[in-house]
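K.L.:
Here is a sequence with its predicted model. Questions after.
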Amino acid sequence: MIGIVIVSHSPKVAEGVRELASQMAQGRVKIVAAGGVDDDTIGTNAERIHGALIEADSEDGVLVLLDLGSAVMSTQMAIELLPEDQQKKIVISEAPLVEGAVIAAVEASIGHDMEKVNAAAEAASTMRKLM
Amino acid sequence: MKELEIAIENEAGLHARPASLFVQTASQFDSDIQVSNVTRETAARDAKSAIGVMTLGVAQGHVVRITADGEDAEQAIEALRALIEGHFAQAYEEDEEG
C-alpha cells in the first residue's frame, strides 16, 4: 500500500488535510503531514518534507499532495536528499490538495497502485460538487 | 449477474465517509461491480472507484442500482446491502459528523 505525504505552507492545513484523509480511509493508510517552515511559521521546509517522506516510505511508493508555489520546490529538494532508489518511488501529484488527498487516501486504502491512485486523485480537479 | 435496487436512507447520502466505505467494501470482492443513481438517472460507475461513487450525487432518499458480475457476486451484493441497510454505521464510529 502506498504512503501519502501532505505538504502545505500552513502546518494547520497540512495537519487538517491529513486528519480528514485519514478518517476517510479509516486509518488504513500511512499519511504524514509536512506543513510550514516550523509549527508556527507559514512556508515550506525541505527538511520537514524529507522527514515525512521517510516516515511515509513504503515499498509501493509515496504520493505527495501539495498546495502551491514553493511547496513544489521544497518537495523536489526533499526528494533529492533521499537515496536514489527511494527517489524513484516518490510521485508529486498534480491533484488539488484537499479533494485529491481524500480520493487518494480512499483509493490507496483499497490497495490500488501508485499510477491508479494518482490518476484518481488528479481526476478530483474535474469532480463536480454542485449537481 | 446479481442486481439490487435500494434506497439510501442515511442523512449524508453516499458522500464522503459512506462513499469511502462503500468503495472499500466493493473492493473486497473479485466481481465486477457497478453502481448507478436511479433517481438521477446517471450512467453506471465502477463501485471500486472513489471518484466514480462520489460523483453519483447520491443524496438521502435516492435509489441506487448495484450490479455485480462474477463468482462472488452474491456475497458482494449482500455485503453492500448490509452496509446500506446499516446506514454505514461503521463510518461514524469515531464521531457524529458527516
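P.N.:
Nice, thanks for sending it over.

K.L.:
Let me know how buried residue 22 is, in neighbour terms.
P.N.:
Reading this off chain A. Using other Cβ atoms under 10 Å in any protein chain shown, residue A:22 has 20 other residues around it. All C-beta spots, glycine's among them, are computed from the backbone N, C-alpha and C.

K.L.:
Switch to chain B, please.
P.N.:
Residue B:22 has 29 nearby residues by other Cβ under 10 Å.

K.L.:
element containing it, please.
P.N.:
Residue B:22 is part of helix B:16-26 when elements are defined by DSSP states H and E.

K.L.:
In terms of pLDDT, where does residue B:87 sit?
P.N.:
In the predicted model, residue B:87 carries a pLDDT score of 92.

K.L.:
Identify the residues contacting stretch A:74-82?
P.N.:
Residues outside stretch A:74-82 that contact it (Cβ atoms under 8 Å, 6 or more residues apart in numbering or on different chains) are A:7, A:44-47, A:49-50, A:52-54, A:64, A:66, A:87, A:90, A:92.

K.L.:
Close to chain B: what parts of chain A are there?
P.N.:
A:23-26, A:102-103, A:106-107, A:109-111, A:120, A:123-124, A:127-128, A:131 (Cβ under 8 Å from any Cβ of the partner chain).

K.L.:
of the contacts of stretch A:74-82, buried ones?
P.N.:
When the contacts of stretch A:74-82 are checked for burial by 16 or more other Cβ atoms under 10 Å in any protein chain shown, the buried set is A:7, A:44-46, A:49-50, A:52-54, A:64, A:66, A:90, A:92.

K.L.:
Same list (those residues) but as a markdown table, adding distance to residue B:45, pLDDT and secondary structure.
P.N.:
Listed next are those as a markdown table, based on distance: Cβ to Cβ, whole Å; pLDDT from 0 to 100; DSSP: H, G, I helix; E, B strand; the rest coil:
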| residue | distance to residue B:45 | pLDDT | secondary structure |
| --- | --- | --- | --- |
| A:7 | 30 | 98 | strand |
| A:44 | 36 | 97 | coil |
| A:45 | 40 | 97 | coil |
| A:46 | 39 | 98 | helix |
| A:49 | 35 | 98 | helix |
| A:50 | 38 | 98 | helix |
| A:52 | 33 | 98 | helix |
| A:53 | 33 | 98 | helix |
| A:54 | 37 | 97 | helix |
| A:64 | 27 | 98 | strand |
| A:66 | 28 | 98 | strand |
| A:90 | 30 | 98 | strand |
| A:92 | 28 | 98 | strand |
